[in-house]
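> My questions concern the predicted model and sequence given below.
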Amino acid sequence: MPSLNLVNLARRIGLKRSSKATIPTLTRYPDIRMIIPHAGGALTAIAERIAGFSTLPFLKQRPAGGSTEVKQVLASLYYDLAGSASDGSIERLRRLTSVKNILFGSDFPFTPAAGIDANVEGFRALSGMTVSEHEDIANGNAKRLFPRLG
């Protein structure tokens, strides 16, 4: 199964390996639409630290907008729920971005059918969301991101 962490993802789209180059690049090109898999993985847990570190005076390259810029860029990314459809994942993503930037994901063909079924059931069992939010994550957000799917 291929690994798509943020460094690999950045490398695949031509960004420098350094994470300090990623935020300025995404700020400079705001029309880039990136989908971060697996509910952002560890990113949701360390987003505040990344934002905080962006203002440290000993860093040679810092985002011009500091932690505010970092938070805005992380909020602008899209996140899928492949293998991650749980109330905890939704809660962490809501602290990072809008529900409009969360997409359902299955991880097909890498995940066996039983794993996909479990993720679908987890998605159906999500609580604390309106019907509209649930429908947006299920398909509305993807249709907005990829209009030709509509």
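Thanks, I have it.
> list the contacts for the residue positioned nearest the centre of the chain?
Among the residues of the chain, the one closest to the centroid is residue 79, at 2.9 Å (Cα atoms, centre = their mean). Taking Cβ atoms under 8 Å, 6 or more residues apart in numbering, we find residue 79 in contact with 35, 36, 37, 39, 40, 93, 96, 97, 101, 102, 103. In this view, the C-beta of every residue, glycine as well, is placed from N, C-alpha and C.
> Can you turn the buried part of these into a PyMOL selection?
Buried members of the contacts of residue 79 can be picked out in PyMOL with the line below, counting by 16 or more other Cβ atoms under 10 Å:
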select buried, resi 35+36+37+39+40+93+96+97+101+102+103
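> Mind putting the contacts of residue 79 into a markdown table with secondary structure, distance to residue 111 and pLDDT?
Listed next are these as a markdown table, based on DSSP: H, G, I helix; E, B strand; the rest coil; distance: Cβ to Cβ, whole Å; pLDDT from 0 to 100:
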| residue | secondary structure | distance to residue 111 | pLDDT |
| --- | --- | --- | --- |
| 35 | strand | 16 | 92 |
| 36 | strand | 17 | 92 |
| 37 | coil | 11 | 92 |
| 39 | helix | 14 | 94 |
| 40 | helix | 17 | 91 |
| 93 | helix | 20 | 96 |
| 96 | helix | 24 | 94 |
| 97 | coil | 23 | 96 |
| 101 | helix | 22 | 97 |
| 102 | strand | 18 | 98 |
| 103 | strand | 16 | 97 |
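> what's the pLDDT at the spatially most distant residue from the centre of the chain?
Computed with Cα atoms, centre = their mean, the maximum C-alpha offset from the centroid of the chain is found at residue 58, amounting to 28.2 Å. Residue 58 carries a pLDDT value of 76.
> just to revisit the earlier point, output the contacts of residue 79 in a markdown table, with distance to residue 144 appended to each entry.
Output for the contacts of residue 79, formatted as a markdown table (distance: Cβ to Cβ, whole Å):
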| residue | distance to residue 144 |
| --- | --- |
| 35 | 13 |
| 36 | 17 |
| 37 | 19 |
| 39 | 19 |
| 40 | 19 |
| 93 | 17 |
| 96 | 19 |
| 97 | 14 |
| 101 | 10 |
| 102 | 12 |
| 103 | 10 |
